[in-house]
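S.K.: sequence first, predicted model second:
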Amino acid sequence: MNAKKRIDDETAMLSIDFLTGVGVLLIAFLFASYTISSIMTPYTGYSKELFPVADRAATLLVKDEGYWTDGNHYGKEWNAVWGFNQSHVKKIGLIKDTENYIIDSRKLNVFMNKRTGIDGEISWWEYPVSSTDPAEIDNASRAMGLDGHYFYIQVRPVNESNINVSEADAAAIEAIGEQSNVVAVNRLALNERTTFGNFTGADLLGHASPSKLLFVIEPQDFDLITNGIRFSIRDWEFEGTDNESDFQWIKIGDAINANYELTDSNKLSDDEYNTFKNGVNISGIGGFSFNDTDIIEFFIPRSTLDSSLPEMYSSGKEMYIQLNVKSEVNISDDGLTHFSNTKKTKTYPAKMTLWVW
Amino acid sequence: MRSLRKDSNGQAIPIDYILIFSMSVLFFGIMTISFSTVVDHSTQQAIHSELKDIGNQVSFEITNAYLAIPVKGQAVSVMDIPVEAGNNAYFIDITDENSYGTGEKALRLKSVFRDVSVYVPLSSVDELVQVNGSASSSSGKIIITSNRTGVFISQG
């Protein structure tokens, strides 16, 4: 009844017509203005902001050495402190010095995942991988100047025939996933691959008589300790006509006496390190005999180092490793066998690619 | 009034005028407001985009200035910047605030007449050397000075 009355009511009929017209016009106008506006608005996409950030970060990675400080000490060898306190690393830079702008593989090794190439000599690196701690990734992003952006980085040799390219490509695809806004920046540089810890019998020093080999690692070389210390000795030299000796024990510490000896309290138990003779794992058996042609390799895991020398990284002291072998092993003189003396480098062109999203 | 409202003989001209006039005012009012809102939004986006581009350019120059810090003395470079961004002058300075929540310094570009501020990261250069200074866009130039103590921006 009421509805019929309203339909029949002719009062203000003109205004309702007008209202309908105005309403339709208003909707059309709003639609047109928003459409035109969205077409004409300058492009402000996320990827436009990403590229300059990635570009600057990549430039600094291959042109700066990096920097660390704990408030009292500071230096450019941030790779030596990354392992124990990442917040002390203020800037990650990959180069060795600002004279040659060569990427230092030691800096890559401390935080990136190293993948050995086909020939076993040339490697490629990636970071982060699926197992990387998210807190570490945040620290790396901050120290690279990426301000919290997600990233993935690869360093490959320019001559890709030395690596498994499909493996490297697959790793990048897996890491980046299906992100819609990703920028990639490339930089070319020379990469210096560094190896340590391959000793020969003629270079051994320590406590001369009886023979106790003594090795030293300086704090600036602590970055070579990633998951532990690995070193090998070959071409043993024996006194007189002997060509065989016995290994007995291994000690580790941060102080030696005047006779180039570590104290007995520094001795490791047989299950705290691994031993390989000519590539065969003979860990846990304690003493063993070897001859002058044997290659003896030792691996002291990080867990052993952390429990034996908990203040190792922060103390600023050198690390000593002593091996007891029977006196037939020829040690030319009392002294220290420096790990740094075994340093060998190989330089090759490399390409760094940084993806940011 | 009641008789006027009930009059269906088309003689209620004042009511008709009042209705048409008020609806016209409403219509043009909504049109003006919506148009200015849309235009204002576009202008702000344009300013934001332009300031971001300028900021990235300045940050890039700061990075280069750091990488080229001389062993002795100082290096000075003059950089041309647009006098206006989106028809508005702007200020450039280094601030501890940033929109990334990382607590690190950032380059801030602030529009003078519009409420638009843009933050551009310094790629952690501020962790390596001191980065400071401020300038306005009025002269169309800024000076970037670098020495062993830091990188500084000033009015050109």
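M.R.: Good, I have the coordinates. Since we're looking at a predicted model, the values are computed, not measured. Residues are numbered from 1 along each chain as shown, chains lettered A, B, ... in the order given.
S.K.: mind listing what's buried in stretch A:318-330?
M.R.: Across stretch A:318-330, burial judged by 16 or more other CB atoms under 10 Å in any protein chain shown covers A:318, A:319, A:320, A:321, A:322, A:323, A:324, A:325, A:326, A:328, A:329, A:330. Placement of C-beta: from N, CA and C, glycine included.
S.K.: not counting its neighbours along the chain, what's nearest residue A:63?
M.R.: residue B:67 (5.4 Å; CB to CB, 6 or more residues apart in numbering or on different chains).
S.K.: please list all residues in contact with residue A:172.
M.R.: By CB atoms under 8 Å, 6 or more residues apart in numbering or on different chains, the contact list for residue A:172 reads A:126, A:152, A:154, A:353, A:355.
S.K.: burial count for residue A:196?
M.R.: 19 (other CB atoms under 10 Å in any protein chain shown).
S.K.: circling back: for the buried residues of stretch A:318-330, point out the one with the lowest pLDDT.
M.R.: When the buried residues of stretch A:318-330 are sorted by pLDDT, the bottom entry is residue A:328 at 75.
S.K.: and the buried residues of stretch A:318-330, which of them are in helices?
M.R.: The members of these all map outside helices under DSSP state H.
S.K.: so residue B:23 is in which element?
M.R.: Assessed by DSSP states H and E, residue B:23 sits inside helix B:13-67.
S.K.: next helix or strand past that helix?
M.R.: strand B:75-80.
S.K.: let me see the contact set for the nearest residue to residue A:205 once chain neighbours are set aside.
M.R.: Nearest residue to residue A:205 in three dimensions, chain neighbours excluded: residue A:335, at 3.7 Å (CB to CB, 6+ apart). Residue A:335 makes contact with A:205, A:206, A:214, A:260, according to CB under 8 Å, 6+ apart.
S.K.: now do residue A:336
M.R.: With CB under 8 Å, 6+ apart, residue A:336 has these contacts: A:205, A:206, A:214, A:215, A:216, A:260.
S.K.: that one and residue A:250, how far apart?
M.R.: 16 Å (CB to CB, to the nearest Å).
S.K.: that older thread, between the contacts of residue A:172, which sits nearest chain B?
M.R.: residue A:355 (16.3 Å; CB to the nearest CB).
S.K.: my guess is that closest one meets residue A:153, correct?
M.R.: Yes. Assessed by CB atoms under 8 Å, residue A:355 is found in contact with residue A:153 at 7.4 Å.
S.K.: rewinding a little: need the contacts of residue A:172 in CSV (columns: pLDDT, distance to chain B and neighbour count).
M.R.: Shown next, in CSV, are these (pLDDT from 0 to 100; distance: CB to the nearest CB, whole Å; neighbours: other CB atoms under 10 Å in any protein chain shown):
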residue, pLDDT, distance to chain B, neighbour count
A:126, 95, 22, 20
A:152, 96, 18, 23
A:154, 95, 20, 24
A:353, 95, 18, 17
A:355, 95, 16, 19
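S.K.: mind giving me CSV with these and columns for secondary structure and distance to residue A:197?
M.R.: Putting the contacts of residue A:172 into CSV (DSSP: H, G, I helix; E, B strand; the rest coil; distance: CB to CB, whole Å) gives the following:
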residue, secondary structure, distance to residue A:197
A:126, strand, 24
A:152, strand, 30
A:154, strand, 26
A:353, strand, 30
A:355, strand, 34
